[in-house]
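>>> Sequence first, predicted coordinates after that:
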Amino acid sequence: MPLTDTEIKRTKLKVKPFKLSDSGGLYLWVTPSGGRLWRWTYRHEGKQKVMTFGRYPEVSLARARERRAEERKLLVEGADPMTERKAKKRGQRIAVENSFASVAAQWLEHWQDGKSPRHVDSTKRRLASNILPSLGALRVINIEAPEVVAMVRLIQSRGARDVAKRALETTGQIFRFAIAHGFAQRNPATEIRPRDILKASRKVNYARIDARELPELLRQVEVYPGKHITRLAIKLMALTFVRTGELIAATWSEFDMEASRWSIPAERMKMRTPHIVPLSSQALEVLATLRPLCGDSAWLFPGERSASRHMSNNTILKGLERMGFKRRMTGHGFRGLASTLLHEQGYAHEHIELQLAHAPRNAVSAAYNHALYLKARSKMMQEWADFLEQTQRGARVLRFKDVVA
């Protein structure tokens with residue numbers, strides 16, 4: 001008689017293993033410890049073989065019978081169900097080894113050589129959080145443009161357009177690696193352009209004062225009633241016109257006072273190439289005043305609550321607001337102001353752009369572009385600092401000396 005669930009549940013354990021037969025070679029193997037394992041016996045080419053279907057009750061009686069029926073079909077067709085199952089498992093293993101996640105791991109291992117720990121960590125997090133949840137389990141050779149588009153749009157739906165764009169770029173890099181190593185024949189990411197699937201980003205216009213308001217701003221900086229370290233941060237930003245993130249995360253190890261130079265490493269730059277900021281005598285004076293205020297902190301601008309972290313990126317903005325420049329000026333505004341005034345006074349465009357770290361760079365030029373026109377840029381930065389000092393003291397003439405390249 002075929003088995004029933006009631007019979008299985010009422011069966012008492014014995015000292016030795018025994019079997020509860022169902023039909024068609026299917027039976028439940030019961031051990032003294034209480035284990036219950038589904039087994040199926042069959043004959044192929046004159047040999048008796050045994051397959052297991054899993055444990056009861058995880059695999060129900062009904063499911064065990066379905067498995068028996070599935071395997072019997074293979075047997076009727078002349079195939080050995082055991083051999084077929086092993087082949088299927090082998091195929092699954094191959095699929096896992098050629099999955100996007102597996103290829104991405106190999107690409108990451110190859111790509112990260114020579115990269116900064118910070119850059120590697122951010123790329124790993126972007127992979128784990130944004131790319132692999134959508135593409136990781138798919139065989140890399142089967143992925144088409146629609147799957148990549150779906151991944152990118154899912155990220156964008158969270159309001160993270162820039163992350164979506166970077167995810168598309170990283171996916172393209174992984175596919176190039178896959179093609180080079182024989183895992184794929186084509187790169188579906190190159191068939192998509194960001195503007196084809198991503199909404200256009202609105203250009204951010206950073207608030208900045210007119211040149212006529214500069215004397216007022218500089219005088220307000222000098223008499224700023226807030227924290228001394230905030231005043232010095234704003235002053236150094238005006239003198240160097242670096243990006244806010246580059247300023248607040250600066251460490252003392254980046255500065256060479258004797259050479260009057262600030263060398264910002266590539267991993268802290270937006271364009272991922274090193275950048276040199278020539279330091280004027282006024283900037284060196286700010287640094288000398290700042291040093292005793294930092295204590296043992298490695299940061300130029302340690303955080304208010306903990307010296308182990310740097311200043312918040314909102315500190316400079318709040319300081320400018322406290323001076324009365326809310327919605328009129330931002331830390332980034334110093335960059336636009338410097339660019340406008342320096343261009344108006346005839347400084348070489350390439351010198352200004354390099355100092356703003358705007359100049360386009362590639363892997364070949366990155367090794368030396370950051371030091372290009374350094375002599376002319378040093379002269380320009382000193383004259384810029386002299387101009388700010390004179391303006392703060394009341395000078396109204398907005399004209400510099402010409403820079404000879």
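On my side now, so go ahead. These figures come from a predicted structure and were not determined experimentally. Numbers count the residues shown, from 1 in each chain.

>>> so who does Glu191 touch?
Residues in contact with Glu191 (C-beta atoms under 8 Å, 6 or more residues apart in numbering) are Ala145. Using the backbone N, CA and C atoms, a C-beta is placed for each residue, glycine as well.

>>> Repeat the analysis, applying 10 Å as the threshold.
Going by C-beta atoms under 10 Å, 6 or more residues apart in numbering, Glu191 touches Glu144, Ala145, Val148, Val149, Gly172.

>>> could I get those residues as JSON lines with neighbour count, distance to Pro225 and secondary structure?
Shown next, in JSON lines, are the contacts of Glu191 (neighbours: other C-beta atoms under 10 Å; distance: C-beta to C-beta, whole Å; DSSP: H, G, I helix; E, B strand; the rest coil):
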{"residue": "Glu144", "neighbour count": "11", "distance to Pro225": "61", "secondary structure": "coil"}
{"residue": "Ala145", "neighbour count": "16", "distance to Pro225": "58", "secondary structure": "helix"}
{"residue": "Val148", "neighbour count": "25", "distance to Pro225": "54", "secondary structure": "helix"}
{"residue": "Val149", "neighbour count": "17", "distance to Pro225": "53", "secondary structure": "helix"}
{"residue": "Gly172", "neighbour count": "17", "distance to Pro225": "51", "secondary structure": "helix"}
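
>>> from these, which single one is nearest Leu127?
Checking the contacts of Glu191 against Leu127 by C-beta to C-beta gives Gly172 as the nearest, at 13.2 Å.

>>> Tell me which residues touch the spatially closest residue to the closest one that is not a sequence neighbour, please.
What sits nearest to Gly172 in space, not counting adjacent residues and going by C-beta to C-beta, 6 or more residues apart in numbering, is Ala189, at 3.6 Å. Counting by C-beta under 10 Å, 6+ apart, Ala189 touches 143, 145, 148-149, 151-152, 167-176.

>>> State the distance from Ala189 to Ser260.
Separation of Ala189 from Ser260 (C-beta to C-beta, to the nearest Å): 45 Å.

>>> Okay, strands next: where are they in the protein?
Ranges of strands in the chain, per DSSP state E, are 18-21, 26-30, 36-44, 47-55, 255-256, 261-264, 275-278.

>>> Save the ones you listed as JSON lines, and put in distance to Ile316 and mean pLDDT too.
Supplementary listing: the strands of the chain in JSON lines, determined by distance: least, C-beta to C-beta, whole Å; pLDDT from 0 to 100:
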{"stretch": "strand 18-21", "distance to Ile316": "77", "mean pLDDT": "93"}
{"stretch": "strand 26-30", "distance to Ile316": "73", "mean pLDDT": "94"}
{"stretch": "strand 36-44", "distance to Ile316": "69", "mean pLDDT": "92"}
{"stretch": "strand 47-55", "distance to Ile316": "63", "mean pLDDT": "90"}
{"stretch": "strand 255-256", "distance to Ile316": "19", "mean pLDDT": "95"}
{"stretch": "strand 261-264", "distance to Ile316": "17", "mean pLDDT": "94"}
{"stretch": "strand 275-278", "distance to Ile316": "17", "mean pLDDT": "93"}
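
>>> Ok, which of those comes nearest Arg377?
Among those, the nearest to Arg377 by C-beta to C-beta is strand 275-278 (5.5 Å).

>>> Out of the strands of the chain, which is closest to Lys124?
Among the strands of the chain, strand 261-264 comes nearest to Lys124, with 23.5 Å by C-beta to C-beta.

>>> buried set for that closest one?
Within strand 261-264, the residues that count as buried by 16 or more other C-beta atoms under 10 Å are Arg261, Trp262, Ile264.

>>> The second one contacts His275, correct?
Yes - applying C-beta atoms under 10 Å, one finds Trp262 in contact with His275, separated by 8.6 Å.

>>> Return every residue with contacts to both of these two.
Common neighbours of Trp262 and His275, using C-beta under 10 Å, 6+ apart, are Val242, Glu246.

>>> Ser99: which of the buried residues of strand 261-264 is nearest?
Nearest to Ser99 among these is Ile264, at 39.0 Å by C-beta to C-beta.

>>> Show me what the closest one is bridged to.
Residues in a beta bridge with Ile264, per DSSP bridges, are His275.

>>> need the contact list for it.
Applying C-beta under 10 Å, 6+ apart to Ile264 gives the contacts 242-243, 246-247, 249-251, 254, 273-277, 357, 370.

>>> In the stretch 151-300 of the chain, what residue spans correspond to helices?
Counting by DSSP state H, counting those that start in this stretch, the segments of the stretch 151-300 of the chain that form helices are 161-180, 194-197, 214-222, 228-240, 244-248, 281-290.

>>> I'd like the ones you listed written out as CSV, with mean pLDDT added.
Formatted as CSV, the helices of the stretch 151-300 of the chain follow (pLDDT from 0 to 100):
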stretch, mean pLDDT
helix 161-180, 89
helix 194-197, 75
helix 214-222, 91
helix 228-240, 95
helix 244-248, 92
helix 281-290, 95
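
>>> Which pLDDT value belongs to Val96?
Each residue has a pLDDT score; the one for Val96 is 50.

>>> quick one on the thing from earlier: closest to Arg43 out of the helices of the stretch 151-300 of the chain?
Of these, nearest to Arg43 by C-beta to C-beta is helix 161-180, at 44.8 Å.

>>> Enumerate the positions of that closest one that are buried.
Under the neighbour-count criterion of 16+ other C-beta under 10 Å, helix 161-180 has 161, 163-168, 170-175, 177-178 buried.

>>> What of stretch 111-121?
Within stretch 111-121, the residues that count as buried by 16+ other C-beta under 10 Å are Trp111, Val120.
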